[in-house]
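Enquirer: Structure of the sequence below:
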Amino acid sequence: MAEEGKEVDLVADLISRPFSRRTLQEKLDIVKKGRVTPALTSLSQPGGGFVRHFQVTNYERYPWLTGSEVHCKLYCWECLLFALDRHGVWSHTGFGNLTCLTKAAKKHQNTAGHLQSIVLSKTFGESRVELQLNEHARRETELHNEKVKKNREILKRLIDCVLFLGKQELSFRGRDESGGSSNRGNYCELLSVIAESNTDLHYHLSTNEAFSGTSGKIQDDLISAIDEVIRDEIRREVKNAPFVSVMVEETTDASNAAQLALALRYVTRSGVKERFVRFEDVTSGKRADDIAGLVIKFLLENECLDKVVAQCFEGATVTSSGLNGVQAKVKESAPLALFIHCYAHQLSLVLSQGASKLKECKIFFAHLNGLVAFFSRSPWRTQLLDEICQRRLPGVTPTPWQSTSRVVNTVFEKREALKELFGHILENHSEYDEDSVRCADGFKALLDCFEFCFLLHTFNGIFHYSDMLFSILQDKKSDVQFCLDRVKEFCDTVERERSRYEGVYEATERAAGAPSARKCHAVDPREHYRQLHGSILDNIICQTQTRFQDHEKMMFVTLLDPLRFLEYRRSFPHAGLSSLARSHGALFDFSQLKTELTVMYTMDDFYGKSPSDILHFIHQNNLSEVMKQLYRFVCLALTIPASPASVKRTFSALERIQTHAKNTTGQTRLSALALMAIEKDFLMELKCVNLHERVIEQFLRKERRMDFVFK
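Expert: Purely as a prediction, here's the structure:
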């Protein structure tokens, strides 16, 4: 995608739309303009302790040599225009091995294909004289090109319909798409509306039987073509990014298939980008080896495996820790990829793991879910809750765990009112349906159950501290040491909860009466619940210490904490630099980085700037080469995700798309539609830069029934 104000890369343009597909006037203009000789400052190659750079003097040595800034490759100008082999190295793929440039160039200029292209280039103007003298052939070419122009304009309107429906997350097809149907589906109906004010499109839809553009196959091919263009642009952005993070989340879609959302995070000149790329169905392959293999294949496809500095996973399948975890297997291929989650997400995992490890706790939270569902599924039950309890129960979701803590707090505070509510339903049973009466009887007994009340008291105490920690971790996520200190304080606080056991037990006795030894399967109920209380605390402390230990590797982000710049002026933060050396030592010249950080801390121009602001300042003032190490470090810090929130947004889109498609959308189509919906802003950026032409070129690889190619 060409940047605003910059000249179009002619070589890249010729690769995307070959010379042979241009109009005569375009061809004449290109030949007249002649060979382009860009500086190609980005074309370099390390080796033997030094870096070899492309020299512009090569253009003088080889008068046929040209290059592309976009692709960062070398080409043969004449072969690019006239070669019969449209997939050759010098005519399409591009040459980038500077070590072998001299040898390869000499070999190429002696080939028959190159010599033939030279002859065609020299005689191009003369070869057209014959055509111009032949009025019939000239007119035939003009008519063909006029027809192609009309066809391409019609195809652009079809593309506009696909773009609109995809961006708005609307369904495409209808139950009956025949001509006599009153509702042929959104795609056909939208085309009909556009055709009312477009004479050419109306005529085409009315008369063309070979290619009307309304069939399901054409819709799929257009969706696929747009998908390819967006993904090509993402790959181009990734290629130019210094670092990449892979972000993966698993969920179950509306058709009960396990879907893996794959996204990439990286830095461009315009800032940090988090791009959703595609969904993968992992219903039949949910082992760690399968997931890790899929992620590695995804990174290889996007040519960024060697750039990965962080990996962020969510979902039951991919968040398991240990040597056999997905993240450990990915790290074998991408050793610099830190396993990172936001602090608040880690806290959610701590609490959920602490609860699910014990059978009693799992049953307790399942009952809470049932309690919430009882009210949420019926408006009149919710109204009764408002009247008697004067407070609603928050919805329970797997994440964030904070919503579960609010349910515990509400049930703890409104336990007596809830008992009154269920008693009211039982006393007036004739007014309510059987399901309501049955559930009310069970929930009333549950609220009087000693074990339920004991766990309610226990978790209400723990969640009081975890909620405060949750808020702190959300607000202070850039201050790693501060957050780790608060986590340690949380562990100490949970440990002190052991001394409160007697108070919890006695409060539960006052609320629910003495426990039954028979029900808890223990001779001494007090000792049984002491062990259960201790096991809960042990689990939470153990999970906390395990989950947060990797975050010590992120200590280096404090080097970019703007609130500490004055402090760092007085005393350089060597601990942060040492943390960076341990985690990503091979990526930086640390002596130079220290110098550049020192300059940043001492200059008022950088004072108070966040990492994103610093990146913008560097780009704005063209300092990326002057302060190269600082620039790379800022890119690294911004590439590592603080939160997997961008992946979460993919699943709301997935659910909407699946609903509109009635669960019949194929995996490839689903992924393409999701990409259009999720990256709609990116899609609109591309629409301003030759998107239609690029989509048409992709579409023509599958469609040949109409004339879409200029002579």
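
Enquirer: hey, which helix or strand in this structure has the poorest pLDDT?
Expert: Scoring the helices and strands of the chain by mean pLDDT, DSSP states H and E places helix 645-660 at the bottom, with a mean of 51.

Enquirer: and the helix or strand where residue 249 lies, which strands flank it?
Expert: Element membership of residue 249 [criterion: DSSP states H and E] is strand 244-252. Sheet pairing here is set by DSSP bridges, and for strand 244-252 it gives strand 258-268 (antiparallel), strand 308-314 (parallel).

Enquirer: Can I get these in TSV including mean pLDDT and distance to residue 140?
Expert: For every residue, glycine as well, the C-beta is placed using N, CA and C. As requested, these are arranged in TSV below (pLDDT from 0 to 100; distance: least, Cβ to Cβ, whole Å):
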stretch	mean pLDDT	distance to residue 140
strand 258-268	86	47
strand 308-314	82	55
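
Enquirer: Format those as TSV; extra columns: mean neighbour count and distance to residue 340.
Expert: Below are those laid out as TSV (neighbours: other Cβ atoms under 10 Å; distance: least, Cβ to Cβ, whole Å):
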stretch	mean neighbour count	distance to residue 340
strand 258-268	23	11
strand 308-314	24	5
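
Enquirer: CSV please, covering those strands and showing distance to residue 282.
Expert: Output for the strands paired with strand 244-252, formatted as CSV (distance: least, Cβ to Cβ, whole Å):
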stretch, distance to residue 282
strand 258-268, 5
strand 308-314, 13
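
Enquirer: Dump stretch 571-583 to CSV, restricted to CA.
Expert: The C-alpha trace of stretch 571-583 is given here as CSV (Å, rounded to 0.1, in the frame of the first residue of the first chain):
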residue,chain,number,x,y,z
SER,A,571,20.4,6.9,38.6
PHE,A,572,20.3,4.7,35.5
PRO,A,573,18.0,1.6,35.9
HIS,A,574,20.6,-1.1,35.4
ALA,A,575,18.2,-3.8,36.7
GLY,A,576,15.9,-3.2,33.8
LEU,A,577,18.7,-3.3,31.2
SER,A,578,19.9,-6.6,32.8
SER,A,579,16.4,-8.0,32.5
LEU,A,580,16.3,-7.1,28.8
ALA,A,581,19.7,-8.8,28.3
ARG,A,582,18.5,-12.0,29.9
SER,A,583,15.3,-12.2,27.8
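
Enquirer: and it, how far from the chain's centre?
Expert: Here the centre of mass of C-alpha atoms in stretch 571-583, compared against the chain's by Cα atoms, centre = their mean, to the nearest Å, lies 30 Å away.

Enquirer: Sort out which residues of that stretch are buried, please.
Expert: By neighbour count on 16 or more other Cβ atoms under 10 Å, the buried set for stretch 571-583 is 573, 576-577, 579-580, 583.

Enquirer: what's the farthest-apart pair in the residues you listed?
Expert: Using Cβ to Cβ, these span at most 15.2 Å, a distance reached by 573 and 583.

Enquirer: list the helices and strands the host helix or strand of residue 152 packs on?
Expert: With secondary structure defined by DSSP H and E, residue 152 is part of helix 135-167. Contact analysis of helix 135-167 by 3 or more Cβ pairs under 8 Å, 6 or more residues apart in numbering; DSSP states H and E lists helix 124-133, helix 186-195, helix 199-207, helix 216-240, helix 667-678, helix 680-687, helix 691-699 as its packing neighbours.

Enquirer: so where do the helices sit in the stretch 301-450 of the chain?
Expert: In the stretch 301-450 of the chain, helices defined by DSSP state H, counting those that start in this stretch lie at 326-333, 343-356, 359-376, 379-388, 402-413, 415-427, 434-447, 450-475, listed in chain order.

Enquirer: For residue 690, find the nearest of the strands paired with strand 244-252.
Expert: Using Cβ to Cβ as the criterion, the shortest distance between residue 690 and the strands paired with strand 244-252 is 18.8 Å, found for strand 258-268.

Enquirer: State the pLDDT value of residue 578.
Expert: Residue 578 carries a pLDDT score of 92 in this model.

Enquirer: Of the helices and strands packed on helix 135-167, give the one that comes closest to residue 366.
Expert: Taking Cβ to Cβ, helix 667-678 is the member of the helices and strands packed on helix 135-167 nearest to residue 366, at 31.7 Å.

Enquirer: Can you list the buried residues in the closest one?
Expert: Along helix 667-678, the positions that meet the burial threshold by neighbour count (16+ other Cβ under 10 Å) are 669-678.

Enquirer: which one of those residues is nearest residue 115?
Expert: The nearest member of the buried residues of helix 667-678 to residue 115, counting by Cβ to Cβ, is residue 672 at 43.9 Å.

Enquirer: What count of nearby residues applies to residue 145?
Expert: Residue 145 is flanked by 18 other residues according to other Cβ atoms under 10 Å.
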